[in-house]
Structure formats: C-alpha cells, structure tokens
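Asker: no sequence on hand, only this structure:
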C-alpha cells in the first residue's frame with residue numbers, strides 16, 4: 001500500500017484506464033500515418049472477418065434444421081429486416097443491406113472489444129463519426145433525390161400555429177445538423193465509459209483488502225457491458241432507420 005501511495009505521488013495513478021484506447025502501430029515505431037497498420041486496423045479487420053464467418057461461412061451449408069451459427073445469422077437477418085420494414089415501410093426495404101452492414105459491424109466490434117487485451121474500435125469517435133456522417137450524408141442526399149424541394153418540409157411544422165413555424169423551423173434545422181454528432185458520441189461515449197470503469201476496478205483488484213469486492217464489481221460490470229454492446233448497436237441502427245424514414249417520407 002505504501003509503495004502504491006508513493007507511486008501515486010510521483011507519477012499520478014498507478015493504473016491508467018484510458019491507456020487501453022491508445023492507437024498504436026502494429027509493427028512498432030511512434031509515427032502513425034494514414035496508411036500505417038494499427039491496432040484499430042487489426043480489430044476492424046477481425047470484425048469484418050467475424051461477420052464473414054457468421055453470415056457467409058456459417059450459412060453456406062443451410063439446412064431445414066439450422067445449426068447454431070445458422071440460427072444466429074438468421075435471427076440477426078430477421079431482426080434487422082423487420083426493424084427496417086416496420087420503421088421505413090416497404091419502400092425502405094431496398095436499403096436493408098446498408099442498415100444490416102452497419103448493425104453487424106458495430107455489434108461485432110463491440111463484442112470483440114470485450115475480449116481481454118483486445119481493442120474496442122467503436123470507442124473511438126473517429127470510427128463512429130465516419131459511420132454517423134455516412135448515414136447523415138446518405139439520407140440527406142436520398143431525401144433530396146426522392147422528394148426534391150419537398151424534403152425541406154421536414155423542417156416546416158405545418159401543424160403548429162403560423163407565428164411559431166419559423167422558430168420551430170430553425171430549431172428543427174439545428175437538431176437535424178446535430179444528428180451526426182449525437183449519433184457518433186452516443187456510441188463511442190457509452191462504449192468507452194464502460195471499458196474505463198472495468199479497468200478502474202481491475203486496478204483496485206491488486207489491493208488485497210478490497211480484491212473480492214473489486215472482482216465482483218468487474219463481473220457485474222462486464223455482464224452489463226455485454227448488454228450495452230448489443231443495445232448501442234441497436235440504438236445506432238434504429239436511429240439510422242428513423243433518419244431513413246424522414247428521407248423517404250419527410251411529410252409524415
């Protein structure tokens with residue numbers, strides 16, 4: 001305990017919960033360029049390979065009585081397909097592959113990030129922001145292509161009293177452009193916070209007096225993070241469907 005206190009006085013925290021989010025080159029060195037393979041690159045590639053193994057290899061030998069892997073793939077497919085159909089309608093089903101791709105990548109990256117010593121790619125705002133802005137730009141372009149200037153009706157609240165409509169239009173416009181920010185920060189923030197809390201309790205596990213309580217806390221939080229990994233992928237996907245519905249039916 002004395003050595004830990006001394007270490008805390010000299011160098012700050014003995015354990016650093018945010019170190020797990022540092023981007024590092026795979027083959028050594030300190031310089032990172034856009035083409036440098038990093039731990040982010042590795043775990044994103046592993047997420048893609050895991051999706052391929054589940055949805056392609058796992059369903060290559062389809063049977064009337066499905067295997068466990070085939071069952072998981074079919075459940076994921078049916079779950080997202082029904083979500084798109086229920087929210088966006090029949091005309092939104094054609095965009096199902098894009099929504100399914102987003103969901104599978106996020107949920108797989110989240111679950112892989114729960115493996116000890118792994119790297120959680122969705123904890124980085126750079127990753128989630130790319131996906132969020134891709135959704136934002138896609139639905140905006142789609143909205144104008146499908147509806148022309150009528151897409152601007154999304155910002156005009158015709159059911160409100162006429163004097164309030166310009167004010168509400170400004171509010172709606174601001175909230176629309178804030179979408180990619182909240183969309184990306186929600187996912188990255190929740191994933192990062194959970195992993196940081198686990199690391200903090202793991203640091204306390206070295207203290208003999210509170211080690212049992214710390215281990216119980218880690219177990220409980222880890223179980224919660226398994227649930228969060230799925231919920232955050234679900235939230236990101238369902239918001240994508242809502243934005244897609246606005247682009248297809250701006251007057252609704």
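Answerer: Thanks, I have the structure now. Since the structure is predicted, the reported quantities are computational estimates derived from the model, not experimental observations. Numbering: from 1, shown residues only.

Asker: all contacts plus neighbour counts: C-alpha atoms, from now on.
Answerer: Fine.

Asker: next, the buried residues of the helix ranked longest in the chain.
Answerer: Longest helix of the chain, by residue count under DSSP state H: helix 165-204. Residues 165, 168-169, 172, 179-180, 183-188, 190-192, 194-204 are the ones in helix 165-204 that count as buried (16 or more other CA atoms under 10 Å).

Asker: next SSE after the lowest-mean-pLDDT helix or strand in the chain?
Answerer: Here the helix or strand of the chain ranked lowest by mean pLDDT, DSSP states H and E is helix 2-11, holding a mean of 43. Helices and strands here follow DSSP states H and E; after helix 2-11, the next one along the chain is helix 39-52.

Asker: and that next one, what does it pack onto?
Answerer: helix 96-112 (3 or more CA pairs under 8 Å, 6 or more residues apart in numbering; DSSP states H and E).

Asker: nearest spatial neighbour of residue 73, chain-adjacent residues omitted?
Answerer: residue 55 (5.5 Å; CA to CA, 6 or more residues apart in numbering).

Asker: would you state the predicted confidence (pLDDT) at the one you found?
Answerer: As predicted, residue 55 sits at a pLDDT of 91.

Asker: can you report how many residues lie near it?
Answerer: Neighbourhood size, residue 55 [other CA atoms under 10 Å]: 18.

Asker: same thing with residue 154?
Answerer: That count, for residue 154 with other CA under 10 Å as the rule, works out to 19.

Asker: which residues sit in contact with it?
Answerer: 246, 250-251 (CA atoms under 8 Å, 6 or more residues apart in numbering).

Asker: A helix includes it, no?
Answerer: Yes: counting by DSSP: H, G, I helix; E, B strand; the rest coil, residue 154 falls inside a helix.

Asker: okay, residue 199: pLDDT?
Answerer: Note on residue 199: pLDDT of 87.

Asker: could you do residue 62 as well?
Answerer: The predicted local confidence for residue 62 is 80.

Asker: tell me who's in contact with it.
Answerer: residue 70.

Asker: just say helix, strand or coil for it.
Answerer: coil.

Asker: give me phi/psi at it?
Answerer: Phi and psi for residue 62, reported as degrees, to the nearest 10, are phi -60, psi 140.

Asker: that one and residue 150: what is the separation?
Answerer: Going from residue 62 to residue 150 by CA to CA, to the nearest Å gives 45 Å.

Asker: now do stretch 169-186, average pLDDT.
Answerer: 93.

Asker: show me the contact partners of that stretch.
Answerer: With CA under 8 Å, 6+ apart as the criterion, stretch 169-186 contacts 125, 128-129, 131-133, 135-136, 155-157, 236, 239.

Asker: redo that, cut-off 10 Å
Answerer: 122-137, 140, 152-158, 165-168, 188, 191, 232, 235-237, 239-240, 243 (CA atoms under 10 Å, 6 or more residues apart in numbering).

Asker: filter those residues down to the buried ones and express that as a PyMOL selection.
Answerer: Selection of buried members from those for PyMOL, criterion 16+ other CA under 10 Å:
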select buried, resi 122+123+124+125+128+129+131+132+133+135+136+140+152+154+155+156+157+165+168+188+191+232+236+237+240+243
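
Asker: in helices only, show me the contacts of stretch 169-186.
Answerer: Short answer: those in helices (DSSP H) are 125-137, 140, 165-168, 188, 191, 232, 235-237, 239-240, 243.

Asker: which ones are touching residue 80?
Answerer: So residue 80 contacts 86, 96-97, 99-101, 103-104, 234, 237-238, 241 (CA under 10 Å, 6+ apart).

Asker: tally of neighbours for residue 30?
Answerer: With other CA under 10 Å as criterion, residue 30 counts 8.

Asker: ramachandran angles for residue 66?
Answerer: phi -70, psi 150.

Asker: would you check that it makes contact with residue 59?
Answerer: Yes: the criterion here is CA atoms under 10 Å, and residue 66 meets it with residue 59 at 8.7 Å.
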